[in-house]
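Q: Got a predicted structure here, sequence first:
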Amino acid sequence: MRYVKLLIILICIATSAGCVEEKTEMAKKTFGQDLSFLKKHTEVVIIEDESGNSQVAVLPTLQGRVMTSTAEGLDGLSFGWINRELIASGKVAEHINVYGGEDRFWIGPEGGQFSIFFKNNVPFDLEHWFTPASIDTEPFELESKSKNSVLLQKDIQLENYSGTIFNLLVDREIRVLERSEALEALEIMPAKTVKMVAFESNNKMTNTGTNAWEKETGLLSIWILGMFNPSPTTTIVVPFNAGSKEELGPTVNDAYFGKVPANRLVVKEGVMFFSGDGQYRSKIGLSPQRAKPILGSYDIVNKVLTIVQYNKPEVAADYVNSMWELQDEPYKGDVVNSYNDGPSEPGAKPLGPFYELETSSPAAALRPGQTISHIHRTYHLQGSEAELNSIAKATLGVTIAEIKSAIPK
């Protein structure tokens, strides 16, 4: 836990913001308000659907992340979490810069003998943990832009804990989906009064070096993280493959920051509910045997159903392990994760607060010139509970009533 506290202190110092605690039940920002703020501090590229109502803000200078989006134009609700204090400060933190964003590009693994966050032979502690600048502070190049899409690129060199050098090219295409395309992908037909924004990032990683990437010397993976605004009435929903532990292994890894209390993680047959209130630091992860290619969340107050899809292989594959230790099984990592921010201990300040929905590609065993692709789609749907109920049932397998009652409020 002392490493968690040190991380918070480091971020506080680096932002020169004093880490003033934000109230969870803060006034909701409109997309226009967030856009105005962002334009004061960095380059912002807006892409939109044909109607102009579904808009997405992409920041090339911050690794091409989707910082936020809306389903109702400038006056609509802004869905992404934004660390205004850090962005406004202009400061750069040493270990990580938690800028925010509902679709940001990372590379795994974080820990272990093949980690790209620790140098060779250093201890696995926060003092020696550094997010590579290429996925933390350095800009991506904006290669092209259209009304509904952008293409960004980044040449990257990384060295893992074991001393293996990786040369790679990242191509990141972000595209707003038209309503008809999004509904087809979700296999739903909601009422016309349901408002929606849908976008995807198609992330490609190509081995531009002269050596093959091999399991014995370490592999990389594409890791997409979405950061969203928490609330006391937000619940994360993660469907999973039901079955015995003997057949499929543990249902969930809920021990990242200590076991998640039973009133914050409720596991039922084929689905689990996890609090997204931003008040208790906790994280869960699912293995390739358990994970399904979909997860989401529901904000009761704002009546927003968020769905994340990704291109999970049909056959379980190797996934990098990010635990901070020398690992016996470096390719037994998680496919999907969800993180709920909060104080590291009573009285401490949270990093956000925010909550995350995360997906990862398989470990990439690439020969020179080969490419791996990972597609991560985000949908936000707004409507009445009755309108959203059938969508939740069709996509996540549960009703709105089940989501509302799953986690004690």
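A: Sure thing, it's come through.
Q: By mean pLDDT, point me to the weakest helix or strand of this structure.
A: Lowest mean confidence among the helices and strands of the chain (mean pLDDT, DSSP states H and E): helix 2-15, at a mean of 43.
Q: now for whatever helix or strand comes next after it, which elements pack on it?
A: As assigned by DSSP states H and E, the chain's next helix or strand after helix 2-15 is helix 31-39. Applying 3 or more Cβ pairs under 8 Å, 6 or more residues apart in numbering; DSSP states H and E, we find helix 31-39 packed against strand 55-59, strand 65-70, helix 84-89. (C-beta placed from N, C-alpha, C; glycine too.)
Q: per-residue confidence for residue 408?
A: Note for residue 408: predicted pLDDT of 85.
Q: Check residue 211 too.
A: 97.
Q: tell me the contacts of the residue lying closest to residue 190 once chain neighbours are set aside?
A: Closest residue in space to residue 190, ignoring its immediate chain neighbours: residue 391 at 5.6 Å, by Cβ to Cβ, 6 or more residues apart in numbering. Counting by Cβ atoms under 8 Å, 6 or more residues apart in numbering, residue 391 touches 186, 188, 190, 194, 305, 381.
Q: Show me the residues you listed that map onto strands.
A: Judged by DSSP state E, those include 305, 381 as members of strands.
Q: closest to residue 177 among the contacts of residue 391?
A: Relative to residue 177, the closest of the contacts of residue 391 is residue 186; by Cβ to Cβ it sits at 9.9 Å.
Q: show me what contacts the closest one?
A: So residue 186 contacts 307, 309, 379, 391, 394, 395 (Cβ under 8 Å, 6+ apart).
Q: Show the buried residues in those residues.
A: 307, 309, 379, 391, 395 (16 or more other Cβ atoms under 10 Å).
Q: Assign a three-state SS to the second one, would you?
A: Under DSSP: H, G, I helix; E, B strand; the rest coil, the three-state class of residue 309 is strand.
Q: Now do the nearest residue to residue 171 once chain neighbours are set aside against residue 364, distance only.
A: Once flanking residues are discounted, residue 171 sits nearest to residue 204: 4.2 Å by Cβ to Cβ, 6+ apart. In this structure, residue 204 and residue 364 are 10 Å apart, going by Cβ to Cβ, to the nearest Å.
Q: what residues are shared contacts of the two?
A: Contacts common to residue 204 and residue 364, judged by Cβ under 8 Å, 6+ apart, are residue 372.
Q: Please say which of those two ends up with more neighbours.
A: Neighbours per residue, other Cβ atoms under 10 Å: of residue 204 and residue 364, the larger number sits with residue 364, 24 against 18.
Q: who does that one bridge with?
A: Listed by DSSP bridges, the beta-bridge partners for residue 364 are residue 220.
Q: Just confirm it contacts residue 218, I think it does.
A: No. Taking Cβ atoms under 8 Å as the definition, residue 364 is not a contact partner of residue 218, at 10.6 Å.
Q: Look up how far residue 157 lies from residue 220.
A: 12 Å.
Q: Give me the common contacts of those two.
A: By Cβ under 8 Å, 6+ apart, the residues touching both residue 220 and residue 157 are 166, 168.
Q: Between those two, point out the one with more neighbours.
A: residue 220 (26 against 12).
Q: Quick check: that one touching residue 213?
A: Yes. Using Cβ under 8 Å, residue 220 is in contact with residue 213, at 6.9 Å.
Q: related to what we said a few turns ago, just curious, which of the contacts of residue 391 is nearest to residue 56?
A: Looking across these and measuring by Cβ to Cβ, the closest to residue 56 is residue 381, at 15.2 Å.
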